[in-house]
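S.K.: let me see the structure of the following:
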Amino acid sequence: MSTEPEDLSKLKLFIDRQDSEATLHWSRNSYFLVVMSILILAFGQKPVENSFQLALFRTLIAILGATLSIIWLLIQYRSSQYILYYKTEVRRLAKLTNTTDVYPKELRGFEIRKLTYALPVVFLLVWFVFIVTASNVI
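M.R.: A predicted model of the protein is given here:
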């Protein structure tokens, strides 16, 4: 059986890990938003005059955007699972050590990190519209 100082040490470790993962979660979102913005700008460019080459260029950009949106969604899911795991462990260790639960389940409202699932899904839909639009010319 572990001692209370070990449990307190684990509690601090899991709180730090959760905080770190939450920070990484939002940083990743920022990076993906920047990349998606750049790809949308690239999609709107007209680097060639030939309509077939332009449609091919735009289709490739849209496929890249859709692929990155799927990757983004998978990363969001994994990050959310880590955050949930760390919060669950913190709650368990808080009970063991008789300390305040820093992530109480009783808090009302919606977790914003769950809302961030919408970002890659919306971009994925936009990319599918762009793929269909661009490939109609081919």
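S.K.: pLDDT-wise, which helix or strand of this structure ranks last?
M.R.: helix 112-115 (a mean of 80; mean pLDDT, DSSP states H and E).
S.K.: if you count neighbours, what's buried in the following helix or strand past that helix?
M.R.: Next helix or strand after helix 112-115 toward the C-terminus (DSSP states H and E): helix 118-135. Using 16 or more other CB atoms under 10 Å as the test for burial, helix 118-135 gives Leu119, Pro120, Phe123, Leu124, Val126, Trp127, Phe130, Ile131, Ala134. (Each C-beta comes from the backbone N, C-alpha and C, glycine too.)
S.K.: can you tell me how far the second one is from Tyr77?
M.R.: It stands for Pro120. The gap separating Pro120 from Tyr77 is 10 Å, by CB to CB, to the nearest Å.
S.K.: so for the residue nearest the centre of the chain, what's the pLDDT?
M.R.: Of all residues in the chain, the one closest to the mean position by CA atoms, centre = their mean is Gln76, 3.0 Å from it. What the model reports for Gln76 is a pLDDT of 94.
S.K.: helices or strands up against the least confident helix or strand of the chain?
M.R.: For helix 112-115, the elements it packs on are helix 51-97, judged by 3 or more CB pairs under 8 Å, 6 or more residues apart in numbering; DSSP states H and E.
S.K.: quick one: work out the angle between the helix it packs on and helix 118-135.
M.R.: Angle, helix 51-97 to helix 118-135, by axes from the mean of the first three to the mean of the last three CA atoms, to 10 degrees: 170 degrees.
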